[in-house]
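> predicted coordinates and the sequence they were generated for:
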Amino acid sequence: MNISEILSKEIEIKQWQVEATIKLIDEGNTIPFIARYRKPVTGELNDEQLRKLEERLKYLRNLVEKKESVISSIEEQGKMTPQLYEKIEEAMTIVAVDDIYRPYRSKRKTRATEAKAKGLDGLADIFLAQNSDNTPEHEARKYVNPEKGVETIEQAIQGAKDIIAEIVSDNAEFRKAIRNAVIKNGRIFSVAKNPEESSVYEDYYDYQEAIEKIPGHRILAMNRGEKEKVLHVSIQMPDENIIFTLQKAVLKGNSPFTQIIREAVEDGYVRLIQPAIEREIRNMLTERAQTKAISVFGQNLKQLLMQPPIAGRTVLGWDPAFRTGCKLAVVDSTGKVLDTTVIYPTAPQNKVEESKKTVLNLIAKYHISLISLGNGTASRESEVIVADIIKECPSKVEYIIVNEAGASVYSASKLAAEEFPNYDVGLRSAASMARRLQDPLAELVKIEPKAIGVGQYQHDMNQKKLEETLETVVEDCVNCVGVDLNTASVSLLSYVSGINKTLAKNIVTYREENGQFMSRKDLRKVSKLGPKAFEQCAGFMRIRDGKEPLDNTGVHPESYDVAKKLLKKYGFTSEDIISQKVRISKEIKDTKAIARELETDDITLRDMILEMEKPGRDPRNTMPKPILKSDVLEFDDLKEGMELKGTVRNVIDFGAFVDIGVHQDGLVHISEMSNQFVKHPLDVVSVGDVVSVRVIGVDKRRKRIQLTMKF
């Protein structure tokens, strides 16, 4: 099995690229490091291609191990044949290998194993051979043996039928053909267990769809409805056609055993194959749906994490509540908490004027220009008060509604307790609300990715696969942006290439004991951070105002000598990087020639020039800025035909939810996204996009808003 050849075809890249990447992975290099600093080796494969290659490499290597294990087991049984060996080698999925191995796997007690123990496999062989003119009863009489538990001819025949049924069931070719037939022609059904009972699954109370066409979100909805005992879900198979085809495949013409074989084949299908295939198809549909949903979740998460930071502003974080009061935290432009308090403008206290006065004093004292309001309980009531405060405020203040998803998880965590030991969970949450605006990535990495709330049915996913996927998304985002070595939290550092949680803690400990890092080289002094970890992480660490200006760029230390030669060649110094005076790109006509002269490659050279010309650049700044508000839009204000600006909060298979500022996201169905055909909403929008929408439906009873992007 040539893994590199398979991967080359699947990912549509050259085989040498695959082999080079596998070598780098096996040497312990991370995907972000390979994507950023080993472009010449991989032929500039991007992180998406590299992630896919890594994932498929793991699967194919597991497949090879599975094949070796199966071959070894069959050989130990003395049942291996050249034809069987070839079938195993040709199998391209673990499911296919399992199908082939099924007849040779040690079985738990079944009707067939009991019949074999009674010596009835010989009778089954006679029936299957179909070359005797004797009656079944005549042949079965020879196998009646009370000592073995075969009391009658009927028992002998039934035992033989049980063996034939299992032989048919274990046939890999039959299973493959049936599975394909069901996928192509089968339908999935869902019905309500109690049709009179109202639920969110009413669309599926009497629903059916072709297996081949059903989208993933409907599978996940049915699964959840079934799990909650609201729905009964089943697969309808073309049973009669399958049974007829199986019988035709096993029968060799008319014989005295034809009826017995027909009955055995039907029993094998109904009792053994059909339930197993239904389970397999359901599992396949679920896995496919989960894979798609996890992919969408990952893309949404990436867009959320890559939201542009709102820098240079003092922010008031506002965690709304009723009985316990609204928690406030003032956070300066560096993320430092300057002040905290609790106000009670909402029911039952309703101390509105007192609360306004407190907030206006905070705004004046700390020059607050932005309020970050959580979207949880009492958010709507708080927003009205915030809007009134802004009207009364002499200075310009704006506000924005921030998604609270995961804030409660963070606030109650050990990390938050260490970060804010003197604050309760509400005040920690308020500080987090503010920081989510100032630097979404730095704050959101403190929260378990799946708790951030930009997915669909995340609690129904394969949690291990979901966690792995989201972790890689966070890792890619952190390394794409880079981290400030002197301010980054343990949470942020732990996602840097080559850095685990232990090393992240050691970096922070070193910083606390020795003061700020003045050079990337100082990383080598951190406990347990060896040469390999340094190689992997150094390029993603940024040091502002350090000894070496290149430390605030994405240029890797391994390329510093070349970078300095390049600067010198064009009359610049490292200090010119700080003052952003470096201009080289326009002067170079032939990058390959210059690369040869400097003993590097043109890909590294181009990246190096970009980094030195724009030191400390943040790729997030190219993303759409969030919408800042100064007044309230109420749900009751909405009218059909209104045109609004909104922010995409979540993207799912059938559309996107857009925040238009009324505490209830509106849905832009996939059919309302464009005048052109849209295959998937992610082809049109991403989380964080600011979009123009028109209201086309308002259901006040169900609090539903329908929007369109068609103008």
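Here it is on my side, so go on.
> SS state for the residue lying closest to residue 599 once chain neighbours are set aside?
Once flanking residues are discounted, residue 599 sits nearest to residue 562: 7.2 Å by C-beta to C-beta, 6 or more residues apart in numbering. Yep, even glycine has a C-beta here, placed from its N, CA and C like the rest. Secondary structure, DSSP: H, G, I helix; E, B strand; the rest coil: residue 562 is helix.
> residue 562 contacts residue 597, correct?
No: using C-beta atoms under 8 Å, residue 562 makes no contact with residue 597, being 10.3 Å away.
> who touches stretch 225-236?
Applying C-beta atoms under 8 Å, 6 or more residues apart in numbering, the contact partners of stretch 225-236 are 182, 186-194, 197, 199, 201, 204-205, 208, 211, 222-223, 277-278, 281-282, 460.
> next step: those restricted to strands.
Mapping the contacts of stretch 225-236 onto strands (DSSP state E) picks out 187-192, 208.
> what comes up buried for the top helix by length along the chain?
Assignment by DSSP state H gives helix 274-305 as the longest helix of the chain. The neighbour-count check on helix 274-305 (16 or more other C-beta atoms under 10 Å) flags 274, 277-278, 280-282, 284-286, 289-290, 292-294, 296-305 as buried.
> so residue 415 touches residue 492, yeah?
No: Residue 415 lies out of contact with residue 492 (C-beta under 8 Å); the separation is 11.2 Å.
> looking at these two, which one has more neighbours?
residue 492 (23 against 15; other C-beta atoms under 10 Å).
> which helix or strand contains that one?
helix 490-493 (DSSP states H and E).
> check which helices and strands the following helix or strand past that helix sits against.
Per DSSP H and E, helix 490-493 leads on to helix 501-514 as the next helix or strand towards the C-terminus. Helix 501-514 is packed against helix 490-493, with contacts defined by 3 or more C-beta pairs under 8 Å, 6 or more residues apart in numbering; DSSP states H and E.
> contacts for the helix it packs on next, please.
415, 441-442, 445-446, 478, 483, 499, 501, 503-505, 507-508.
> give the contact list for residue 446.
Taking C-beta under 8 Å, 6+ apart, one finds 410, 413, 415-416, 432, 489, 491 in contact with residue 446.
> if we use 7 Å, what do you get?
The contact partners of residue 446, taken as C-beta atoms under 7 Å, 6 or more residues apart in numbering, are 410, 415, 489, 491.
> residues near residue 35, how many?
Residue 35: 23 neighbours (other C-beta under 10 Å).
> could you say which helix or strand holds it?
Assigned by DSSP H and E, residue 35 belongs to helix 31-37.
> measure how far the next helix or strand after that helix is from the centre of its chain, please.
Once helix 31-37 ends, the next helix or strand along the chain (criterion: DSSP H and E) is helix 39-42. Relative to its chain's centre, helix 39-42 lies at 27 Å (C-alpha atoms, centre = their mean, to the nearest Å).
> going forward, count from 419.
I'll keep to 419 as the first residue from here, and by that count the last item is helix 457-460.
> buried ones in helix 457-460?
Neighbour-count burial for helix 457-460 [16+ other C-beta under 10 Å]: 457, 459-460.
> so what does that helix touch, helix or strand wise?
Judged by 3 or more C-beta pairs under 7 Å, 6 or more residues apart in numbering; DSSP states H and E, helix 457-460 is in contact with helix 433-444, helix 1020-1031.
> mind giving me the packing neighbours of the last one?
It refers to helix 1020-1031. helix 457-460, helix 978-987, helix 1009-1015.
> what's that helix in contact with?
457-458, 462, 971-973, 977, 981, 984, 995, 1000-1003, 1009-1010, 1012-1013.
> narrow the residues you listed to just the buried residues.
457, 971-973, 977, 981, 984, 995, 1000, 1002, 1012-1013.
> nearest to residue 740 among these?
Distance ranking of these against residue 740, using C-beta to C-beta, places residue 972 first at 47.5 Å.
> count of neighbours near the residue lying closest to the closest one once chain neighbours are set aside?
Closest residue in space to residue 972, ignoring its immediate chain neighbours: residue 1029 at 4.4 Å, by C-beta to C-beta, 6+ apart. Neighbour count for residue 1029, taken as other C-beta under 10 Å: 22.
> picking that back up, higher neighbour count, residue 980 and residue 1015?
residue 980 (18 against 13).
> just to revisit the earlier point, which among the contacts of residue 864 count as buried?
Here, 16+ other C-beta under 10 Å leaves 828, 907, 909 buried among those.
> quick check, nearest of those residues to residue 425?
Of the buried ones among the contacts of residue 864, the one sitting nearest to residue 425 (C-beta to C-beta) turns out to be residue 909, at 33.5 Å.
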